[in-house]
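**Student:** Turn this into a structure:
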Amino acid sequence: MTDTPPKKPSRIQTRNRRLILDAALEVFSRDGYGGATLDAIAKGAGLSKPNLLYYFDGKTEIYVTLLSQLLETWLDPLIELDEEGDPVEELLGYVRHKLDMALELPLESKLFAGEILQGAPRITAYLSDDLKPLFDRKCEVIQTWIDAGRIAPVDPAHLIFSIWSTTQHYADFGAQMSVLLSAEDPTKRAHAHLEQMFRSLLKPVNY
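**Tutor:** Prediction:
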């Protein structure tokens, strides 16, 4: 006997799962895992709670599904850092990409930050098994560029931390920024400032 292939979800099933995940993203990013409820997610999705539970076993499955999808997206810019490219331009491209993600996906950034602030109880394996090896490889790439005199002698790990903190700030502290900058759109000034700052930091000593 051959295994029966899994049945493809219907268009309605696909739509309802997307509605649930979109509503859950807003609820989790606003209320955190502990404060989020299935009732709030169901209401945001425009579905009944029993209908929601037809698609997901409970709050944890929804949360883990969201995180899994997010982490795939979050890794891409670091994966794309090309050892063969121009070091300064590769790193500035990474900064731009991370800033764009923070500005375009603020709820996703807050969801990830919230999980980390809780001690990463649901993504510890991801951090150790996926992010750590990738992080180590990219630190080695940056160190190779430093050793070749192609960028200034900076600490590779803390350079990456600095990129993360200065870009994701625009999402994670968006409420504070909206008050400090009033109605101003920070996009243009943020890109210009970060490019100037990191280009100056990375410029080779003998440039």
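**Student:** Go ahead and report the secondary structure state at the residue nearest to Leu127 when sequence neighbours are not counted.
**Tutor:** Of all residues not flanking Leu127 in the chain, Ala120 sits nearest, at 5.9 Å (Cβ to Cβ, 6 or more residues apart in numbering). Every residue, glycine included, has its C-beta placed from N, CA and C. Secondary structure for Ala120, judged by DSSP: H, G, I helix; E, B strand; the rest coil, is coil.
**Student:** burial count for Ala120?
**Tutor:** Neighbours of Ala120 under the rule other Cβ atoms under 10 Å: 15.
**Student:** from now on call the first residue 48
**Tutor:** Right, with 48 as the first residue, what we last looked at is Ala167.
**Student:** can I assume it is in contact with Leu178?
**Tutor:** No. Counting by Cβ atoms under 8 Å, Ala167 does not reach Leu178; the two are 10.2 Å apart.
**Student:** now the one helix or strand Ala172 maps to: how far from the chain's centre is it?
**Tutor:** Following DSSP states H and E, one finds Ala172 within helix 171-173. The chain centre lies 15 Å from the centre of helix 171-173; the measure is Cα atoms, centre = their mean, to the nearest Å.
**Student:** now stretch 219-235
**Tutor:** What separates the centre of stretch 219-235 from the centre of its chain is 19 Å, taken as Cα atoms, centre = their mean.
**Student:** Against Arg246, how distant is the residue most central in space within the chain?
**Tutor:** By Cα atoms, centre = their mean, the chain has its centre lying nearest to Trp121, at 3.9 Å. Relative to Arg246, Trp121 is positioned 24 Å away (Cβ to Cβ, to the nearest Å).
**Student:** And for the longest helix anywhere in the chain, what's in contact with it?
**Tutor:** For the chain, the helix with the greatest residue count under DSSP state H is helix 58-82. Helix 58-82 is contacted by residues 56, 83-84, 87-94, 98-99, 102-103, 106, 109-110, 112-113, 116, 153-155, 157-158, 161-162, 165 when judged by Cβ atoms under 8 Å, 6 or more residues apart in numbering.
**Student:** hmm, try it at 7 Å
**Tutor:** With Cβ atoms under 7 Å, 6 or more residues apart in numbering as the contact definition, helix 58-82 has outside contacts at 83, 87-88, 91-94, 99, 102-103, 109-110, 112-113, 154-155, 157-158, 161, 165.
**Student:** Many thanks, we can stop here.
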